[in-house]
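**Student:** sequence-free structure coming up:
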């Protein structure tokens, strides 16, 4: 199947299509209102904050980074396979915070932030459509730490439809259906709007060209992450874990920042997340 045929067969569960759909502000605004059950006056999709796989494909991104009129920040991710979601959530929150602090803000100015995963599976095997996490005191659950960060995992495999809004259930059923013909029968206005958006995207030659370029890059590179932007994000991931142990020694930092192999950086991330000392980390990566 060629790239053009693949483009016409894309569903909402494809990363490219999901990003193209949700980067339309009206779609992302309605999604957040539906999920959080609060009115939102306006949202701003920050295109420059999203991951770009190729400088020549300026519209190709696989995550959706949004702020609203209250400066609340949202990172929306589509996930079709279980991949250490807890640690990834921690990383995404840290990335949003570091970006704001690097802009010269103080800790007290950090806004509320949400990391939202839309999962085509049940991430916690409890048959719920929605799992919401926030930081609370283990000794007294009434005590909220007050960091204003929240993580939400939506699942297409829930069994408790009576516990979520009807329109959210319709949306998750749409994600679950994964129909290339984009013709799922529904009475839900939001899903109908998404279906129309997908039809419009498939008629857009510019987006089709972007997908073809993105698809070629993805297949040729085999997702090895050779682009510097991807590698830089992985290096920051390793450093984030190590900084919890204290000031990272210069030799370790140089080793991390000079690494250009994605697979090795992934192993470093795993080693860093479980290390209890810098010496232990050195031992774990000595054979890499």
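**Tutor:** Structure received. Keep in mind the model is a prediction, meaning the values are calculated, not measured.
**Student:** quick one, strands of this protein?
**Tutor:** In the chain, the strands defined using DSSP state E lie at 43-45, 64-68, 73-79, 113-119, 130-134, 149-155.
**Student:** if we compare the ones you listed, which one ends up closest to residue 174?
**Tutor:** Residue 174 sits nearest to strand 113-119 of all these, at 10.7 Å, using CB to CB. The way it works is simple: take the backbone N, C-alpha and C, and place the C-beta from them, glycine included.
**Student:** hmm, back to that, switch the strands of the chain over to TSV; also include mean pLDDT.
**Tutor:** Shown next, in TSV, are those (pLDDT from 0 to 100):
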stretch	mean pLDDT
strand 43-45	88
strand 64-68	87
strand 73-79	91
strand 113-119	95
strand 130-134	97
strand 149-155	96
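**Student:** Adding distance to residue 200 as columns, could you present these in TSV?
**Tutor:** Below are the strands of the chain laid out as TSV (distance: least, CB to CB, whole Å):
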stretch	distance to residue 200
strand 43-45	17
strand 64-68	18
strand 73-79	19
strand 113-119	21
strand 130-134	29
strand 149-155	24
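**Student:** Tabulate those in a markdown table, adding columns for distance to residue 239 and mean neighbour count.
**Tutor:** Formatted as a markdown table, the strands of the chain follow (distance: least, CB to CB, whole Å; neighbours: other CB atoms under 10 Å):
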| stretch | distance to residue 239 | mean neighbour count |
| --- | --- | --- |
| strand 43-45 | 28 | 18 |
| strand 64-68 | 21 | 22 |
| strand 73-79 | 20 | 22 |
| strand 113-119 | 19 | 22 |
| strand 130-134 | 24 | 15 |
| strand 149-155 | 20 | 22 |
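**Student:** So for residue 31, which of those sits nearest?
**Tutor:** Proximity to residue 31, assessed across those by CB to CB, is greatest for strand 73-79 (7.4 Å).
**Student:** Quickly run through the sheet partners of that closest one, with directions.
**Tutor:** Here strand 73-79 is paired, per DSSP bridges, with strand 64-68 (antiparallel), strand 113-119 (parallel).
**Student:** Alright, that wraps it up for me.
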